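S.K.: model the structure of this input:
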Amino acid sequence: MQSHWTLEIQTAIKSIKELEKILDIEVSKTDYPIFIPMNFLSKIKKLGPNSALYKQFIPNELENNESGLLDPIGDFAHLKAPGFIHRYTHRALFLPTEICPIQCRYCFRKNELQNDSFDLSFKLDAIKKYLDSHPEIEEIIFTGGDPLILSDEKIMFFGEFFSKFQNIQFIRFHTRTPIIIPSRITPQFMNTMNQLAKRFHLTMMIHTNHLEEIDQEVEDAIKKLQTLDLMLFSQSVLLKDVNNHHQTLIDLFRKLSSLKIKPYYLHHPDRVKGGMHFYLPIEEGRQIYQKLQDKLSGWMIPQYVLDVPSAHFKVPIFNAESLKFSGKIVLENAQVEIKEPNL
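M.R.: Sure, this is the predicted structure:
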């Protein structure tokens with residue numbers, strides 16, 4: 001018998017025709033795929049076209065704009081083995097799947113996942129060879145795609161693979177699945193996490209951008225995760241016309257904090273081709289972030305960061321001395337020029 005969450009994946013909406021029939025509205029045609037589970041689509045329909053959910057997940061004709069970058073954070077330059085990216089000195093990204101529980105229209109990998117020349121199909125032999133020669137790596141970040149889309153057996157298989165490397169002490173999961181398909185948090189999944197926790201220090205980074213995404217079903221899934229031996233953090237992306245207002249973020253971060261999830265990253269949007277309509281100037285982001293500091297306790301405030309391809313860490317971009325942005329960021333005793341797009 002199939003579990004409820006796998007059926008949600010199998011029955012997800014994948015075409016404009018299906019989407020228009022359910023929403024009873026004309027939907028813009030783009031070159032990017034559609035993937036929305038029915039249960040989540042019902043939430044989008046209930047909230048309507050002006051909602052944060054609709055804007056994040058329903059295709060928009062602005063995605064056809066040619067501006068932006070195919071690889072905005074430099075994944076391709078740091079691909080050390082198929083499905084394995086080593087950008088940050090002591091941690092590496094492992095991409096065991098290209099599948100997500102939903103297609104985010106702003107996704108920084110939306111072009112990579114459709115580009116055959118960017119090989120994300122992992123090869124464990126190549127990854128093993130690379131890890132053998134890089135003992136400085138102590139943390140593996142499961143990303144993708146979304147690693148929680150994998151079966152429990154697959155997750156355990158990969159856990160056993162990385163357990164062979166004594167230097168790897170930490171495993172982190174970057175995921176949207178508890179938000180989009182909360183039914184994924186099954187007793188079997190909980191058992192898998194408990195087994196992994198016997199070998200690794202576990203962290204889960206839950207991606208959520210707006211309070212509209214968190215209903216009772218999601219809260220129940222998060223409460224289950226709280227019983228596991230892992231740390232729960234959140235990451236959010238600052239998105240134009242979705243959450244680029246300080247009160248919207250305050251409400252989200254207070255809610256996450258009440259659920260015992262530490263808001264960890266607030267990402268400035270990447271300059272991704274097909275997603276530039278979500279972009280906003282860094283100066284505007286700084287002004288929003290300053291208001292968070294005025295209204296929230298320090299432990300509720302995430303780091304406001306930008307992914308710079310040449311950096312070995314996520315670059316903090318809030319400057320309390322000046323909210324204006326000069327176009328340059330000091331990085332490792334050198335200045336990196338950040339060219340803001342014409343908006």
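S.K.: was I right to think G285 contacts L238?
M.R.: Yes: with contacts counted by Cβ atoms under 8 Å, G285 reaches L238, the gap being 5.5 Å. Any C-beta I mention is one placed from the backbone N, CA and C, and that applies to glycine too.
S.K.: overlap in contacts, these two.
M.R.: Residues touching both G285 and L238 (Cβ atoms under 8 Å, 6 or more residues apart in numbering) are 244, 268, 304.
S.K.: can you pull the phi and psi angles for the residue most central in space within the chain?
M.R.: For the chain, the residue nearest the mean C-alpha position is H207 (5.0 Å; Cα atoms, centre = their mean). In terms of degrees, to the nearest 10, the main-chain angles of H207 are phi -90, psi 120.
S.K.: show me where pLDDT drops low in the chain?
M.R.: For the chain, residues meeting the criterion pLDDT under 70 lie at 1-2, 113-121, 310-313, 320-323, 325-339, 342-343.
S.K.: for it, what spans make up the strands?
M.R.: For the chain, the strands defined by DSSP state E occupy 79-81, 84-88, 91-94, 139-142, 170-175, 201-207, 230-237, 262-267, 303-306, 315-316, 328-331, 334-337.
S.K.: those strands: which one's closest to L150?
M.R.: Each of the strands of the chain has some distance to L150 by Cβ to Cβ; the shortest is strand 139-142, at 8.5 Å.
S.K.: so what's the residue nearest to the centre of the chain closest to, chain neighbours aside?
M.R.: R176 (4.5 Å; Cβ to Cβ, 6 or more residues apart in numbering).
S.K.: how about the contacts made by that neighbour?
M.R.: Taking Cβ under 8 Å, 6+ apart, one finds 100-102, 104, 146, 206-208 in contact with R176.
S.K.: what of A52?
M.R.: Contacts of A52 by Cβ under 8 Å, 6+ apart are 209-210, 212-213, 242-243, 248.
S.K.: need those residues in a markdown table (columns: neighbour count and distance to P316).
M.R.: Shown next, in a markdown table, are the contacts of A52 (neighbours: other Cβ atoms under 10 Å; distance: Cβ to Cβ, whole Å):
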| residue | neighbour count | distance to P316 |
| --- | --- | --- |
| N209 | 27 | 20 |
| H210 | 19 | 23 |
| E212 | 19 | 28 |
| E213 | 19 | 25 |
| V242 | 22 | 22 |
| N243 | 26 | 19 |
| T248 | 17 | 21 |
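S.K.: for these, work out which two are farthest apart.
M.R.: Top of the distance list for these (Cβ to Cβ): E213 and T248, 11.9 Å.
S.K.: quick one on the thing from earlier: so which of the contacts of A52 are in helices?
M.R.: T248 (DSSP state H).
S.K.: how about the contacts of A52 in TSV, adding distance to G274?
M.R.: Converted to TSV, the contacts of A52 look like this (distance: Cβ to Cβ, whole Å):
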residue	distance to G274
N209	17
H210	20
E212	23
E213	22
V242	16
N243	19
T248	24
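S.K.: could you find the closest non-adjacent residue to E284?
M.R.: Excluding the flanking residues, the one nearest E284 by Cβ to Cβ, 6+ apart is N244, at 6.9 Å.
S.K.: hang on, the one you found packs against V237?
M.R.: No: applying Cβ under 8 Å as the test, N244 and V237 come out as separate, 10.3 Å apart.
S.K.: so which of those two has more stuff around it?
M.R.: Neighbour totals were compared for N244 and V237, and V237 leads with 22 against 17 (other Cβ atoms under 10 Å).
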